[in-house]
Every structure is written in C-alpha cells, then in structure tokens.
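Peer 1: Here you go, sequence then predicted model.
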Amino acid sequence: MNPSAIKVACTNCNLRELCMPVGLSDQDLLRIEEVVETKRKIKRGAHLFKDGESFNALYAIRTGFFKTCVATEDGREQVTGFQMAGEIMGLDGIVSDHHTCNAVALEDAEVCVMPFDQIEHLSREVKALQHHVHKIMSREIVREHGVMLLLGSMRAEERLAAFLLNLVQRLHARGFSRTELVLRMTREEIGSYLGLKLETVSRTFSKFAEEGSIEVKQRHVQIIDPQALQQIVNAGACA
C-alpha cells in the first residue's frame, strides 16, 4: 500500500471538532469519512500545492504547520498566511479552479485530502456540512480583513503583538498552552506577512522582551504579560 494513501477515520481524530461539523449523525459522519479517505505526508519545505496548479481538493491539516505565499512582480516572496493543525487549506482555488498561491510545509506535516467535487455533492445532502463549508469560507474572509487592518493602520509593535496573541489563541484552541509557543516560521517570514522588515521584527521582539511582556529563546516564545500585548493592540485600534 502507498504510505501516502492511508485510510483515516474522522471519528477517531482528535481534531474532529475543529475541521468537521458538530451535530452530525453517525450515518452522515460515515459518509464524510468515505470522502475523506486519504492522507498525505508533506516533508518540511515541500509544497502541498503551487500557484497555478489545478484545484481539485481541500486539505484538512492533521499535523504540522504551513505557510501560504505568492511571488511579487520583482520576484520576492510575499507570505499571505500561516496555517496549523485543524485548519482547512485550498479555498483559494474554488473561484478559478486553479490555486492562486503556494502552500509550503514549515515542518513535516500530514493532511487529510477532501476531493472538492465530492464534498460539494455531499454538502447538498448534508446541510450541516454545507453550513460548515460556508463557515470556513466566511472565517477566511474575516481573516483577510484582519490582515488588511494590520497592514493598513497598525504600527510595528501593534502588528507583532496582534500576531502573537492570535497565534497563541489558535494554538490554545488545539490543546496547547495559552502562554507558550514555538515559532515554526522565521523572523523574515513573520516580517513578510506583517509588512515589516526583518530588522524591525527582531527589534520589536527585543523591545517586548525588555519590557517584560515576553521571553524569547530563539524560536521559543513565552507570553509573560498578555494584557500588556493586548493593550498595545487596543491602543492602535483606538488611535
């Protein structure tokens, strides 16, 4: 058997509540399991999909961390998002039937493959699934609006504080600590996402550490004073 095509039972997945609708009957869940039948292993640095590639599936991240990015006109990489276990990738391809960004694994990862034509067909019959797909799409729109707000109106400190708080909140929803995290992305990638230079990101991390808001040991970050970070974000929102 191909190791990259192994049957996965949604009922036994500890991330079921994050990527599957709640309130499904056992029969409906079995129907979804028949659709979500394979998982793929993606090595660190490898692509899950590429810009321009034909769109045929959504991907539920089972383990690992990804970044999405596009190439700018001058050839630079622009990071457009970071995704973690329990989140869905591939929504960018629905509009034109082609992916509009690159999805790259930041560490060894595993995804559940959900063929979109089958998901679309099943969602017409299972209303809870249809509602869930719409909810995921809406969440992506809200996320993009949040990024636009970050890039359009916030200073460097506010951008990084908001980024750290959002990241630790998402990790906590998956059972991790609400105060400690390991950054799977580089400072440069964070800067690309937040619209900041690498030097600015490093300097702001150091400033937060000097003020006692966080402790930083390479990629390990501990949030010492989340209220202080939240106040920084709130101050920017009120300005």
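Peer 2: That came through, no problem.

Peer 1: And the top helix by length along the chain, what's buried?
Peer 2: Identified as the longest helix of the chain according to DSSP state H is helix 127-153. Within helix 127-153, the residues scored as buried using 16 or more other CB atoms under 10 Å are Ala128, Leu129, Gln130, His132, Val133, Val147, Leu150. In this view, the C-beta of every residue, glycine as well, is placed from N, C-alpha and C.

Peer 1: Please apply the same query to stretch 58-75.
Peer 2: Residues Leu58, Tyr59, Ala60, Ile61, Arg62, Thr63, Gly64, Phe65, Phe66, Lys67, Thr68, Cys69 are the ones in stretch 58-75 that count as buried (16+ other CB under 10 Å).

Peer 1: ok, so of the residues you listed, who is nearest Gln169?
Peer 2: Phe65 (15.5 Å; CB to CB).

Peer 1: and the closest residue to the closest one other than its chain neighbours, which of the three is it?
Peer 2: Nearest residue to Phe65, sequence neighbours excluded (CB to CB, 6 or more residues apart in numbering): Arg184, at 3.9 Å. The three-state label given to Arg184 by DSSP: H, G, I helix; E, B strand; the rest coil is coil.

Peer 1: hang on, isn't Arg184 packed against Val104?
Peer 2: No - in this structure, Arg184 is not within contact of Val104 by CB atoms under 8 Å, at 11.2 Å.

Peer 1: hang on, the earlier thing: dump the buried residues of helix 127-153 to CSV, plus distance to Leu165 and pLDDT.
Peer 2: Putting the buried residues of helix 127-153 into CSV (distance: CB to CB, whole Å; pLDDT from 0 to 100) gives the following:
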residue, distance to Leu165, pLDDT
Ala128, 31, 75
Leu129, 31, 77
Gln130, 32, 75
His132, 26, 76
Val133, 28, 78
Val147, 14, 70
Leu150, 12, 67
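
Peer 1: Could you provide those residues in CSV, with additional columns for distance to Leu167?
Peer 2: Below are the buried residues of helix 127-153 laid out as CSV (distance: CB to CB, whole Å):
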residue, distance to Leu167
Ala128, 29
Leu129, 28
Gln130, 30
His132, 24
Val133, 25
Val147, 13
Leu150, 13
